[in-house]
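Visitor: Give me coordinates for this.
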Amino acid sequence: MSATFGKIVFLILPVGWYIIRMPYARRSRRTAIVRTARGFREMLLLSISFTGVILLPFLYVATDFPRFAAYPAHPVPTSIGVLVAIAALIMFHRTHKALGRNWSVSLDVRENHRLVTEGVYRHLRHPMYTAFWLWAAAQALLLPNWIAGLSGLFGFGTLYFLRIGKEEQLMLDTFGDEYRVYMARTRRIIPWIY
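Guide: Residues are numbered from 1 along each chain as shown. Got it, this is the predicted structure:
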């Protein structure tokens, strides 16, 4: 498998992401936001993540930049990357389906927001983050470039680790004991582990 194949598979991730997300984004826009944690910090974190999972890898896919960080593609990591990319898109779809109108790109609580605890949320509090960790792992496996391949792990990782505490606090402030009970029986992003 060539580097070109890995690049093509990588490009399927944002296309799939867009196809999955757009209907939910349109529907959720019709539901008023009653509480938000949007602000400069949130926009900065989203920008860092965007740079790592979209901007740098797209630059590499389009131009091979930065060439000095490239290494030969190998079929084993590329094959694993294909499977991880598929898993990322499946998880991404399942999270959107479960959230429905409750979905938001930022830390928002919408009108008539309810705590979703079924479907993929039965065991995980943040399966959307699981989907993005899978995306970042697929990117690292599919793009044989030390910078473009690993930028997703660093970009999304920055967002995740600097945002997760604030997100859980928002859920605690909104749902109180219901969320505490939910936290006690679930894990953040890896079932039964973390």
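Visitor: alpha carbons only for contacts and neighbour counts from here, please
Guide: Noted.
Visitor: Longest helix in the protein, please.
Guide: Longest helix in the chain, counting residues (DSSP state H): helix 146-175.
Visitor: Which elements pack onto that helix?
Guide: Judged by 3 or more CA pairs under 8 Å, 6 or more residues apart in numbering; DSSP states H and E, helix 146-175 is in contact with helix 40-50, helix 56-63, helix 127-142, helix 177-185.
Visitor: and Ala87, what element?
Guide: Following DSSP states H and E, one finds Ala87 within helix 75-99.
Visitor: for that helix, what is the average pLDDT?
Guide: What helix 75-99 shows for mean pLDDT is 96.
Visitor: Give me the below-cutoff pLDDT ranges for this protein.
Guide: The chain contains residues with pLDDT under 70 at 1.
Visitor: State the phi and psi torsions of the residue of the chain most remote from its centre.
Guide: Computed with CA atoms, centre = their mean, the residue of the chain farthest from its C-alpha average is Phe68, at 28.0 Å. Here is the backbone geometry of Phe68 (degrees, to the nearest 10): phi -60, psi -20.
Visitor: repeat for Arg35
Guide: Per-residue torsions, Arg35: phi -150, psi 140 (degrees, to the nearest 10).
Visitor: Pairing partners for it in the sheet, please.
Guide: Counting by DSSP bridges, Arg35 forms beta bridges with Val109.
Visitor: Could you give the number of residues near it?
Guide: 13 (other CA atoms under 10 Å).
Visitor: In contact with it: list those residues for me.
Guide: Listed by CA atoms under 8 Å, 6 or more residues apart in numbering, the contact set of Arg35 reads 108-110.
Visitor: do you know how far the nearest residue to Leu143 once chain neighbours are set aside is from Gly39?
Guide: What sits nearest to Leu143 in space, not counting adjacent residues and going by CA to CA, 6 or more residues apart in numbering, is Gly149, at 4.9 Å. From Gly149 over to Gly39 the distance is 29 Å, taken as CA to CA, to the nearest Å.
Visitor: the more surrounded of those two?
Guide: Ranked by neighbour count (other CA under 10 Å), Gly149 and Gly39 place Gly149 first, with 25 against 10.
Visitor: is it true that the more buried one touches Ala140?
Guide: Yes - contact criterion CA atoms under 8 Å: Gly149 and Ala140 qualify, at 4.0 Å.
Visitor: Identify the residue nearest Ile20 in space, chain neighbours excluded?
Guide: His93 (6.0 Å).
Visitor: Now do that neighbour against Pro144, distance only.
Guide: His93 sits at a distance of 27 Å from Pro144 (criterion: CA to CA).
Visitor: Centroid-nearest residue for this structure?
Guide: The residue lying closest to the centre of the chain (CA atoms, centre = their mean) is Phe132, at 2.6 Å.
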